[in-house]
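Peer 1: please work out how this folds:
(one chain, ligands or ions: 1)
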Amino acid sequence: MSTNGVVVRVPGKVNLQLAVGPLDPDGYHEVTTVFQAISLFDDVTVKYGPPNSGISLSVSGATSAGVPTDESNLAYKAAKLMVTKYGLSEDVAIHLKKEIPVAGGMAGGSADAAGVLVGIDALFELGLSRDELEIIAAQLGSDVPFSISGGIAIGTGRGDQITPALSRGTYHWVLALAGQGLSTPAVYNECDRLREGLAISKPQVGDELMQALRAGDSIALGKALSNDLQAAACSLRPALRLVLDVGKDYGALGGIVSGSGPTVAFLVEDDDKSLDLTVALSASGVVSGVVRASGPVHGARVVSTL
Ligand code: ATP
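Peer 2: This next block holds a predicted model:
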């Protein structure tokens, strides 16, 4: 036993593209998505707990309000899965220091689950490969494998089958946060309602988007951003249209609802532009907070030992 605990830093994500296929008979949708991990991080600490304490969970940080600390937390489920699968002691203490918005379409819960998988692997010296961790991650939720891999990747199936994508350069983002989250299932239901009677084709990656990434061309990338859930998120939360308009007026290269929302992600040319838009959004009165981030960044990884 060489260490008492580990701290794993794990990023949030934006979806540069989210293409949603028709509703399957099993109630799910096939999706094709392009993820980018961005520099907004949760820190997940995994330590040995006192004897017979079981799995315990605590939460702090800027976005910790309303995050459950019981077995419904995805980080708890990740710990349970690992101790059961590898026959480990249940006495594990997890602490989440949250900076990723909750229910913001930025995969915050998935990030924490990924952090626990990587943390338990390191603490118990299981020696799992990234591929093995991503397979376990897929059992917890469709965004969890990407939270492990980070970078830029294409997600297919339910978004859980990850292929790294070629990309050049760094992209600057301004994120407009909403005071209240949106439920992912509610947004999918609204999407189905809005598309009722329409022929929906198989979701595919956009060629222009992939070309823009390969070239490191942020202007082209701004034009190629797309999200099939955006209309549904705006239908449930009409104020999002006003937020998107502020971005257009203040020179964003592109703006998009991130995943199922309600966070709106604006791509901007550089740090100066990002400051201008941050000020404009803060003054607009239509957002509850604004943060700046850049990507791509690494996936879940151990940053310190205790
Ligand atoms: P995604 O982008 O993957 O759809 P999201 O970012 O919109 O997810 P989360 O932040 O993961 O949403 O939270 C969705 C809900 O899950 C929250 O309302 C909360 O009740 C619950 N939850 C469970 N575990 C966590 C966690 N570790 N952090 C935040 N929320 C969690």
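
Peer 1: switch to C-alpha atoms for all contacts and neighbour counts from now on
Peer 2: OK.

Peer 1: element containing residue 56?
Peer 2: Using DSSP states H and E, residue 56 maps to strand 55-60.

Peer 1: that strand pairs with which strands, and in what direction?
Peer 2: Using DSSP bridges, the strands paired with strand 55-60 are strand 92-97 (parallel).

Peer 1: who's in contact with the one helix or strand residue 76 maps to?
Peer 2: Using DSSP H and E, residue 76 falls within helix 74-86. Residues outside helix 74-86 that contact it (Cα atoms under 8 Å, 6 or more residues apart in numbering): 55-57, 70-71, 88-90, 92, 109-110, 112-117, 120, 140.

Peer 1: buried subset of these?
Peer 2: Taking 16 or more other Cα atoms under 10 Å as the criterion, what is buried in these is 55-57, 89-90, 92, 109-110, 112-117, 120, 140.

Peer 1: which among these are in contact with the ligand?
Peer 2: 109-110, 112 (Cα under 6 Å from any ligand atom).

Peer 1: right, and residue 96 touches residue 56 too?
Peer 2: No. Using Cα atoms under 8 Å, residue 96 is not in contact with residue 56; the gap is 11.1 Å.

Peer 1: from residue 15, how far off is the residue nearest to residue 153 when sequence neighbours are not counted?
Peer 2: The spatial neighbour of residue 153 that comes closest, neighbours along the chain excluded (Cα to Cα, 6 or more residues apart in numbering), is residue 164 at 4.1 Å. Distance of residue 164 to residue 15, computed by Cα to Cα, to the nearest Å: 14 Å.

Peer 1: between these two, which one's more packed in?
Peer 2: residue 15 (26 against 15; other Cα atoms under 10 Å).

Peer 1: report the contact partners of that one.
Peer 2: 33-36, 227, 258-259.

Peer 1: dump these to a markdown table, plus secondary structure and distance to the ligand.
Peer 2: Shown next, in a markdown table, are those (DSSP: H, G, I helix; E, B strand; the rest coil; distance: Cα to the nearest ligand atom, whole Å):
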| residue | secondary structure | distance to the ligand |
| --- | --- | --- |
| 33 | strand | 12 |
| 34 | strand | 13 |
| 35 | strand | 11 |
| 36 | strand | 12 |
| 227 | strand | 13 |
| 258 | coil | 8 |
| 259 | coil | 6 |
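
Peer 1: out of the residues you listed, which one sits closest to residue 193?
Peer 2: Of all the contacts of residue 15, residue 227 has the smallest distance to residue 193: 16.3 Å, by Cα to Cα.

Peer 1: what bridges to that closest one?
Peer 2: Applying DSSP bridges, one finds that residue 227 bridges with residue 18.

Peer 1: please name the nearest non-neighbouring residue to residue 260.
Peer 2: In this structure, residue 260 finds its nearest non-sequential neighbour in residue 105, 5.0 Å apart by Cα to Cα, 6+ apart.

Peer 1: tell me the pLDDT of that neighbour.
Peer 2: We have a pLDDT of 89 for residue 105.

Peer 1: from what I can see it touches residue 259, true?
Peer 2: Yes. With contact defined as Cα under 8 Å, residue 105 and residue 259 form a contacting pair (4.7 Å).

Peer 1: who touches both of those two?
Peer 2: By Cα under 8 Å, 6+ apart, the residues touching both residue 105 and residue 259 are residue 14.

Peer 1: if you count surrounding residues, which of these two has more?
Peer 2: Taking other Cα under 10 Å, residue 105 and residue 259 do not tie; residue 259 has more neighbours (28 against 25).
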